[in-house]
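> model the structure of this input:
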Amino acid sequence: MVQRVITGIILVAVFIPLLIFSDTVIFTAAVSILSLIGAWEMLHCLGAHKRPAIAIPSLLIALGSPLCARLLPDSSAFAPWAVGVIALYLFWLAAYCVIKRGSVTYTLLSSVFMSVIYVTVGFTSLILLRDTEGGGYIFWLVFIGAWVTDTMAYFTGFLFGKHKLIPEISPKKTVEGAIGGTLFAGIAFALYGFVVSRITNVDMNLVMLFLTGLISAVVAQFGDLIASVIKREAGIKDYGSIFPGHGGILDRFDSIIALAPFILMIHAAPFLVLIR
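Modelled structure (predicted):
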């Protein structure tokens, strides 16, 4: 427990400055490295890390996508590039299944494709969200949603939890904890919007933020459960050991990579106004 707390404090001390200076190349590099390591952890979990023909293109996509999301001139240049690369990646994995027929299964390659793209899209969405109009304020919601939901679900479940949520996937999670985490996330989103509106000239839609917080908490909890399902099927406890007491990148960022694309879609939707 002591090791877990110490690691958590160090993580916060390192990560908060990165978020504050998220418009710099340091943040871009950090997210790209997180995406790379996350993809490696997923490949290792699936048992595909020892096959260079699978691992190398997977890791290149995971590393390159967040970089290109910011380095390319604009989003209109990134979109066709991303679609083209994903299509080539999918084609290569399918072709590799034909080339290595009998030794590599279609099931494995399908799992690799889904898992690597899931991780890559999650981290790339952080960059895309940060660089949208108003993204300097909105992208904080990804981390607020993930951290508040996880923390308050734990405490609410510890104090009031009686009914198991999905014990075969995550034995410690409770229905009461899930509800508590969801409610507190909605409140945290609205409170964040209130503070931002007070100290800046940005007018944030508090009602929409509260509703977004509620839905974001559900998405974040599913992100946690999705990561747990994959780990259980692979028969491992943690994705890695890069964070002592916490596990790997995917153990710490499972909710964030699920939540980032969702917040990006909400912010991009013209009829769902987070900033008025």
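> next, the contact list for the nearest residue to residue 21 once chain neighbours are set aside, please.
The spatially closest residue to residue 21, leaving aside those adjacent along the chain, is residue 27, at 6.3 Å (C-beta to C-beta, 6 or more residues apart in numbering). All C-beta spots, glycine's among them, are computed from the backbone N, C-alpha and C. Residues near residue 27 by C-beta atoms under 8 Å, 6 or more residues apart in numbering: 18-19, 21, 130.
> again with residue 9
Applying C-beta under 8 Å, 6+ apart to residue 9 gives no contacts.
> are we agreed that residue 165 is in a strand?
Yes - Residue 165: assigned to a strand according to DSSP: H, G, I helix; E, B strand; the rest coil.
> could you report the neighbour count for it?
Each residue near residue 165 was counted by other C-beta atoms under 10 Å, and the total is 20.
> then residue 275?
18.
> what ranges does the stretch 101-250 of the chain have for its strands?
Counting by DSSP state E, counting those that start in this stretch, the stretch 101-250 of the chain has strands at residues 164-166, 170-174.
> need those strands in TSV (columns: mean pLDDT and distance to residue 140).
Below are the strands of the stretch 101-250 of the chain laid out as TSV (pLDDT from 0 to 100; distance: least, C-beta to C-beta, whole Å):
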stretch	mean pLDDT	distance to residue 140
strand 164-166	88	27
strand 170-174	86	25
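> want to throw those into JSON lines with distance to residue 243?
Below are the strands of the stretch 101-250 of the chain laid out as JSON lines (distance: least, C-beta to C-beta, whole Å):
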{"stretch": "strand 164-166", "distance to residue 243": "25"}
{"stretch": "strand 170-174", "distance to residue 243": "19"}
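> what sits against the residue lying closest to residue 42 once chain neighbours are set aside?
Leaving aside its sequence neighbours, residue 42 sits nearest to residue 115 (C-beta to C-beta, 6+ apart; 4.4 Å). Contacts here follow C-beta under 8 Å, 6+ apart; on that basis residue 115 touches 42-43, 45-46, 230.
> again with residue 198
So residue 198 contacts nothing (C-beta under 8 Å, 6+ apart).
> returning to that earlier point: tell me the one among the contacts of residue 27 nearest to residue 192.
The shortest approach to residue 192 among the contacts of residue 27 belongs to residue 19, at 13.1 Å (C-beta to C-beta).
> next, give phi and psi for that closest one.
The phi/psi pair for residue 19 (degrees, to the nearest 10) reads phi -70, psi -40.
> surely it meets residue 143?
Yes - proximity of residue 19 to residue 143 meets the contact threshold set by C-beta atoms under 8 Å, at 6.7 Å.
> neighbours of residue 144, how many?
When counting by other C-beta under 10 Å, one arrives at 19 neighbours for residue 144.
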